[in-house]
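Would you be able to build a 3D model of this:
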Amino acid sequence: MNTSQTRIIVIEDQIMLRDLVASMAVTIPGIIVVGEATDGREGLRLCEEEKPDLVIFDLFLPGLNGMEILRQYGHKHPKTRFIAISANFTPESIRELLELGCHGIIAKSSSAAKLKEGMREVCSGSGYLCPIGASLLRESHLTRSGTSKKKGRLSNREREVLQAVAEGFSTKQIAEKLEVSVKTIEAHRANLMKKLDARSAVELTRCAYEMGIIELPARYTQPASSAITTPES
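All right, here's what the predicted structure looks like:
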């Protein structure tokens, strides 16, 4: 990628962090920010409209998570480069991001210098894995489980419905958001229950968390072994 022509989009629901990332990006010679979005669905639409060279996205976004943006947009636009940022990476999510072709992984606890370094590296055509990401990747072989197989059994639309259910939306609200009928969403929910062996919305929410589709809501108890919070030196 030629940094003199690098057009980027920042997708982050935390306004302060989104502004920080965008303001830091434009200090790198040749980079211009062509769009910013606060949720995943808006971000995906923006990518389709602007066709950016680089997308910087939060892993956990309302509406459509960052993994789905990478999966859906990256598949159709292989020349686009991606940087994922998050406060809650896990070994599983790091491994899946890399398998999907993510070029940079930067923990939100990283310094501003690390963020800028990562943007430079990815814009120059290299990959970038922050120290926390590297540490989690080394742990990934210890956390391999059935979650990837479960996720692989779901279609893109089923993952979207699962995220919406886990975020607390009703069947009618999900139908309106996805512009389909209530019966269609009911069918998707029934398929999700069967595929994931879940008997309630609470169990679907737990599955969504275990599959890295959402961050675990505060009303649920997070398993002690579900994430690693290795501090960065």
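
pLDDT at the residue positioned nearest the centre of the chain, what is it?
In the chain, the centroid-proximal residue (C-alpha atoms, centre = their mean) is Gly66; its distance is 2.2 Å. Looking at Gly66, its pLDDT is 94.

ok, now Ala224?
With respect to pLDDT, Ala224 scores 36.

Regarding Arg7, what are the backbone dihedral angles?
Arg7 adopts backbone torsions of phi -110, psi 130, taken as degrees, to the nearest 10.

Equivalent analysis for Ser86, please.
Residue torsions, per degrees, to the nearest 10, at Ser86 are phi -170, psi 150.

when you give positions from now on, start the count at 445
New numbering, starting at 445: the last item is Ser530.

Now it: closest residue in space, sequence neighbours ignored.
If the residues on either side of it in the chain are set aside, Ser530 comes closest to Leu503, at 3.7 Å by C-beta to C-beta, 6 or more residues apart in numbering. No exception for glycine: its C-beta is placed from N, CA and C like everyone else's.

Report how many residues lie close to that neighbour.
Neighbourhood size, Leu503 [other C-beta atoms under 10 Å]: 24.

In space, what's closest to Ala652 - neighbours in sequence excluded?
Nearest one to Ala652, counting by C-beta to C-beta, 6+ apart, is Ala610 at 3.8 Å.

circling back to that earlier point, any idea how far the residue nearest to the centre of the chain lies from Glu623?
In this view, Gly510 and Glu623 are 22 Å apart by C-beta to C-beta, to the nearest Å.

quick one: what helix or strand has Met637 in it?
helix 626-640 (DSSP states H and E).

all strands of this structure, in order?
Ranges of strands in the chain, per DSSP state E, are 450-455, 475-481, 498-502, 525-530, 548-551, 572-573.

mind listing what the fifth one pairs with, with the direction of each?
Within its sheet, strand 548-551 is paired with strand 525-530 (parallel), strand 572-573 (parallel), according to DSSP bridges.
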